[in-house]
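> Predicted model and sequence follow; I will ask about them next.
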Number of protein chains: 2
Amino acid sequence: MRKNLYVLKFGGTSLGNVKRIEEVAKIITSYIKRRINIVVVVSAMGDTTDRLIKLAKKINPYPSERELDMLISTGEQVSGALLAMALHKKGLPALSLTAPQVGIITDTSHMKAKILKIKTKKIEKELRDDKIIIVTGFQGMTPEKEITTLGRGGSDLSAVALAVALKADRCEIYTDVEGIFTADPRLVPQARKIDCITFDEMLELASCGAQVLQTRAVEVAKKFNLPICVRSSFTKKEGTIVMERKTLIEEPVVRGITLATDEVKITICNVPDRPGIAAVIFEAIANRGINVDMIVQNVSHKKVTDISFTVGKQDAHKALDIVKRIAKEIRANRVIFDEDVAKVSIVGVGMRSHSGVASRVFKVLASHKINIEMISTSEINISCIIKKKEGGKAVRALHKAFELDKK
Amino acid sequence: MRKNLYVLKFGGTSLGNVKRIEEVAKIITSYIKRRINIVVVVSAMGDTTDRLIKLAKKINPYPSERELDMLISTGEQVSGALLAMALHKKGLPALSLTAPQVGIITDTSHMKAKILKIKTKKIEKELRDDKIIIVTGFQGMTPEKEITTLGRGGSDLSAVALAVALKADRCEIYTDVEGIFTADPRLVPQARKIDCITFDEMLELASCGAQVLQTRAVEVAKKFNLPICVRSSFTKKEGTIVMERKTLIEEPVVRGITLATDEVKITICNVPDRPGIAAVIFEAIANRGINVDMIVQNVSHKKVTDISFTVGKQDAHKALDIVKRIAKEIRANRVIFDEDVAKVSIVGVGMRSHSGVASRVFKVLASHKINIEMISTSEINISCIIKKKEGGKAVRALHKAFELDKK
C-alpha cells in the first residue's frame, strides 16, 4: 500500500511527442518510488485540440458545440492511453480512464461546462489495487451521457476538482514553465520565479494575462484550500506553491506584473447620467455571454458621462454591435472602438496595507512618458490601459521600480 | 415522419478527408430526400487506426490491448463528429453517438470483442425526433464500462448488428469498391461485378481473401436474414446484394474466385497414425489463439502419415514453435515450413448440385502447368495451395475457364 495521494496534471507541451510522454512516465515513476498514490490528469498532445478545431471549421465554419465536444474530447483519450502504455513499459500498473468512465459529471453547457460532481468510487477502487490512474482532463459528461468540455485550460480545473473530490494531499500542475514569475520572462529578462503566492494574488495574475494556471482552477483550489504546485516537466526545479495567505511568511507589496494584449477598449461617449444606464448596457452584453473585464465611468459633466470598458478580442465585434444599438437608444452620440491597447497590471496582497502603490505606478509610467488611458484598481491589483506598443516598456519599468528582480 | 429505416456504413476510405466527408453527407442527403430514416455507422478516417497503433508501438512495442482499445476507439469518434458537422451544414439534424453512448455492449475481449447486446432506446428516441443518427463503428463497451473494439473490419459488424437490433429494412455498406467481384479486378481485368450473391457464398469468398466484407458481419446478417448491399461511395452505381439463397433466380455453378497470399504452409512428416494425434496438434495451436485455415491429412503408409495445414502469416512462427515441440514428443521426424504458397479458391452454391467442378479445376491448373500442393473442398468451395508466383495466373485461368467474365 502506498501512502498519501497526489494528483499530477500534465499539459499538452509536456505530452507533445513520444519522447515527452516517456519523460512524463519517468517523472511519475519518481513519485511511485516514494510510495505515493498517483492520479494523473492529462491534456491532449501538443496542439491536437487546435488542429481538430481547425479540421472541424474546414467542414463547417460554425460547428455545433456539442459535436465539437465529441471531436476534441478524443485528444485527451489518446494521450491518456499512450501514457498508460509508457508506464506499462516501466513495469508500472497504470490504467487510463475517460472522464465519463470516472464519472466527472457536468452541466450541459458544451465547450464551457461546469463540473457538478465527481464520482470517486471507480478511482478509489483502482487505487486500492495500487494502480496509477490516468484521467482525461478538460472533459466531463452530463447526467444524460453527453460529452462536454470545460473550456480552455480546463485540464487544470479537472486536476484541482479531482484532488478536492479525492481529498488528495497535493495537486501538482506540470507545465512548460518553471512556475509563476514576477513578470513574463520574455518581456522582462530579470523576472524572478515566485516560490510562494496566495490564491488571491494568483487569481489576479491569472485574470490579468498570466496564462500558467486557469482562473477557475485557482478559484476551486481557494474554495477548498487545496495547495497547488506549478512546476515544469522539463526540469527538476521546484516550482511555485499557490496557497492560503496565512501560511506565507514574507509578503512583498507587489507580487507580479502582467501584460494583456488580447483586449479591446470600447467607449460610449456622452451617456446621459441617470440611474440604470450602466445596467442596461452591461446586461445586454452579459446576455450574449460576453465577459467584460475593466469598466470605467468617470464623474459626469453637464449630465452626460463617458463609459469605457474592455472585452476580449474574440468578443469585440459582438460587443460593439450591442453597444452601437444601445448608444442609439439612449442617444449617446458616439462609440469609440480601440484595438491598440494593452493592459498592464501589478498584483500583490501587500498592497492592502501599503498606501501609495497606485501613485507610484502612475509616476513610474509618467517618467517613461507612457500615457494612461484607463485605470482600474482593486484591493490587490492596479491595472492601467496604455498604448499597445508601450506594453513591454511599461512592464520592464514597473518590474524594476518595485524591485521584483531582487529576492 | 420518415418511413423505413436504413443502416448505412461508411468505411475509412469513404471518410478519408474533408472532401470525402462532404461527399458522404451528400449521399446521406439523397436518402433523407426519399424520406428514409437513417442510422450511419462510421469507421475512422483513412489510415487513422493504423497510424495510432504505430504511435502506440513507438511507446511500447507490446501495448496493452485494453489501452490500445482506449486509443484507437477515438478514430471513429472523430469521423462521427465531423460527419455530423457536415450534415448540419446542409441543414440536416444529425447527432453523433459513441458506441458506449448508444449502449453497444460487448464481452471483455479487447481488440476482438463480441457484441452481446445493443440497446436501442436512445437511437429510437432520437429517430422519433427525425434525427440522423451517426454511430461510431468498430467499438463497444463492456458491462463495466470498459471500451472495447471488435477487430479488423469491425465496423461492418457494428452496422449489421445495429440493423438487426433496430429491425432496419436494409443495411448498406459503402466502401471504395463497387461491390463483390468474380475475382480481384487487379488480378483479373475481366472480373465482373456480381449483382446478387448468397450469404454462404459471401462467407466463403470472405474467408478466402475477398476483403470487402468482414466475415463475422456476414455471419450475423445470415443468422438474422438481413440483406446487405455492398456499394461504392465514389460512384452512383448499384452494388452487390448479399442475401438468402432462395430469393436468387440465376444460380451459376461458380460465383467467384479468390486468391490469398497471406498464409504459410506447415507440414509434419511421418506422424504416427493413431487416434488422437491430430487432436493433440490442433488443440495446442488453438489454445494459443491461432486460427488454422486448411488442414490436410492423407492416408497413411507404414502406419505413418503427413499432416499439413495453413495459418495466417502473423501466427506462422508461434505455430511453428508449437508444432516443433509436439513433433518431438510424438516422434514425427520432420517439420516443413513453406512461406512460398498461395491459396486459390473457387466458390459457388451451384457446386452443390454440379459434379465435376473439382476435376475441372484440377484440369485447368494442370493445363497451365501449375502444380497443386494441397487440396481442400467443402460443399461450395474448392481451395488449392499452389506456388505463390503462380497465383495470378491460376486465378486468371480459372476465371476464364468458368466463364465468369460473361453475364
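Looks like it came in fine. All of these numbers come straight from a predicted model, not from anything done at the bench.

> Next up, the contacts around the residue nearest the centre of chain A.
Nearest to the mean C-alpha position of chain A, by Cα atoms, centre = their mean, lies A:Gln214 at 2.4 Å. A:Gln214 is in contact with A:152-154, A:156-157, A:206, counting by Cβ atoms under 8 Å, 6 or more residues apart in numbering or on different chains. In short, each C-beta sits where N, CA and C put it, glycine included.

> ok, A:Gly350 touching A:Arg245?
No - between A:Gly350 and A:Arg245 there is no contact under Cβ atoms under 8 Å: 10.4 Å.

> So between those two, which is more surrounded?
Shown here are A:Gly350 and A:Arg245; by other Cβ atoms under 10 Å in any protein chain shown, A:Gly350 has more neighbours (16 against 12).

> tell me the contacts of that one?
The neighbours of A:Gly350, taking Cβ under 8 Å, 6+ apart as the test, are A:251-255.

> quick one on the thing from earlier: leaving out the residues flanking it, which one is nearest to the residue nearest to the centre of chain A?
Leaving aside its sequence neighbours, A:Gln214 sits nearest to A:Gly153 (Cβ to Cβ, 6 or more residues apart in numbering or on different chains; 3.3 Å).

> Determine the number of other residues adjacent to the one you found.
Neighbours around A:Gly153, by other Cβ under 10 Å: 19.

> what about it, distance to B:Ala221?
Distance, A:Gly153 to B:Ala221, using Cβ to Cβ, to the nearest Å: 48 Å.

> can you check A:Cys384 too?
For A:Cys384, the distance to B:Ala221 equals 71 Å [Cβ to Cβ].

> Between these two, which has more neighbouring residues?
Set side by side, A:Cys384 and B:Ala221 show more neighbours around B:Ala221, with 28 against 24, by other Cβ under 10 Å.

> from what I can see that one touches B:Ile228, true?
Yes - if you go by Cβ under 8 Å, B:Ala221 and B:Ile228 touch, sitting 5.1 Å apart.

> what touches both of these two?
Residues touching both B:Ala221 and B:Ile228 by Cβ under 8 Å, 6+ apart: B:160, B:171, B:242.

> Write a ChimeraX command that selects only the buried members of the contacts of A:Gly350.
Buried members of the contacts of A:Gly350 can be picked out in ChimeraX with the line below, counting by 16 or more other Cβ atoms under 10 Å in any protein chain shown:
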select /A:252,253,254,255
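
> mind putting the contacts of A:Gly350 in TSV, secondary structure, distance to chain B and pLDDT included?
Conversion of these to TSV gives the following (DSSP: H, G, I helix; E, B strand; the rest coil; distance: Cβ to the nearest Cβ, whole Å; pLDDT from 0 to 100):
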residue	secondary structure	distance to chain B	pLDDT
A:Glu251	coil	46	64
A:Pro252	coil	44	70
A:Val253	coil	48	79
A:Val254	coil	45	88
A:Arg255	coil	40	87
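
> quick one, what contacts A:Ile133?
A:38-40, A:94-95, A:97, A:123, A:126-127.

> Go again with 6 Å.
Counting by Cβ atoms under 6 Å, 6 or more residues apart in numbering or on different chains, A:Ile133 makes contact with A:39, A:95, A:123, A:126.

> Please apply the same query to A:Val292.
By Cβ under 6 Å, 6+ apart, the neighbours of A:Val292 are A:285, A:309, A:311.

> Which one of the residues in the stretch 301-407 of chain A is closest to chain B?
Per Cβ to the nearest Cβ, A:Gln314 is where the stretch 301-407 of chain A lies closest to chain B, at 20.2 Å.

> Counting neighbours, what do you get for that residue?
The burial count for A:Gln314: 10, using other Cβ under 10 Å.

> got a list of what it touches?
Contacts of A:Gln314 (Cβ under 6 Å, 6+ apart): none.

> Now do the same for it: helix, strand or coil?
What DSSP: H, G, I helix; E, B strand; the rest coil gives for A:Gln314 is helix.

> Distance of it relative to A:Val344?
To A:Val344, A:Gln314 is 21 Å away according to Cβ to Cβ.

> can you check A:Lys363 too?
Between A:Lys363 and A:Val344 the computed distance is 14 Å (Cβ to Cβ).

> A:Val264 too?
From A:Val264 across to A:Val344, the span is 16 Å (Cβ to Cβ).

> Quick one: end-to-end length of stretch A:106-116, please.
5 Å (Cα to Cα, to the nearest Å).

> I'd guessed A:Leu398 sits against A:Ile257; true?
Yes - when contacts are counted by Cβ atoms under 6 Å, A:Leu398 is listed as touching A:Ile257 (5.3 Å).

> Could I get the pLDDT score of the closest residue to chain B within the stretch 201-350 of chain A?
At 16.3 Å from chain B, A:Ser233 is the closest residue in the stretch 201-350 of chain A, using Cβ to the nearest Cβ. Looking at A:Ser233, its pLDDT stands at 93.

> How many neighbouring residues does the residue lying closest to A:Thr235 once chain neighbours are set aside have?
In this structure, A:Thr235 finds its nearest non-sequential neighbour in A:Glu178, 6.3 Å apart by Cβ to Cβ, 6+ apart. A:Glu178 has 18 neighbours, counted by other Cβ under 10 Å.

> quick one on the thing from earlier: looking at A:Val264 and A:Val344, which is more packed in?
Shown here are A:Val264 and A:Val344; by other Cβ under 10 Å, A:Val344 has more neighbours (29 against 20).

> right, and that one touches A:Ala394 too?
Yes - contact between A:Val344 and A:Ala394 holds when scored by Cβ under 6 Å: they sit 4.6 Å apart.

> Next, show the common contact partners of these two.
Counting by Cβ under 6 Å, 6+ apart, A:Val344 and A:Ala394 have no shared contacts at all.

> just to revisit the earlier point, what's the overlap in contacts for A:Leu398 and A:Ile257?
A:Ile346.

> Mind checking which of those two has more residues around it?
A:Ile257 (32 against 26).

> Which element, helix or strand, includes that one?
If you go by DSSP states H and E, A:Ile257 is part of strand A:256-260.

> which strands and helices sit next to that strand?
strand A:341-347, helix A:391-401 (3 or more Cβ pairs under 6 Å, 6 or more residues apart in numbering or on different chains; DSSP states H and E).

> next helix or strand past the first one?
Which is strand A:341-347. Per DSSP H and E, the first helix or strand lying C-terminal to strand A:341-347 is helix A:357-367.

> Could you list the contact residues of chain A toward chain B?
Applying Cβ under 6 Å from any Cβ of the partner chain, we find that chain A lies next to chain B at A:18, A:56, A:58-60, A:63-64, A:67, A:70-71, A:74, A:77-78, A:81-82, A:84-86, A:88-89, A:96, A:101, A:145.

> Looking at these, which are in helices?
Those of the residues of chain A next to chain B mapping onto helices are A:18, A:56, A:58-59, A:67, A:70-71, A:74, A:77-78, A:81-82, A:84-86, A:88-89, A:101, per DSSP state H.

> Can you give me the buried ones in stretch A:99-112?
A:99-106, A:110, A:112.

> Stretch A:349-359 too?
Neighbour-count burial for stretch A:349-359 flags A:349-351, A:357 (criterion: 16+ other Cβ under 10 Å).

> likewise stretch A:275-284?
Buried residues in stretch A:275-284, counted by 16+ other Cβ under 10 Å: A:277-278, A:281-282, A:284.

> How about stretch A:19-29?
Those buried within stretch A:19-29 under the rule 16+ other Cβ under 10 Å are A:20-25, A:27-29.

> Identify, from these, the entry nearest to chain B.
The nearest member of the buried residues of stretch A:19-29 to chain B, counting by Cβ to the nearest Cβ, is A:Ile21 at 6.1 Å.
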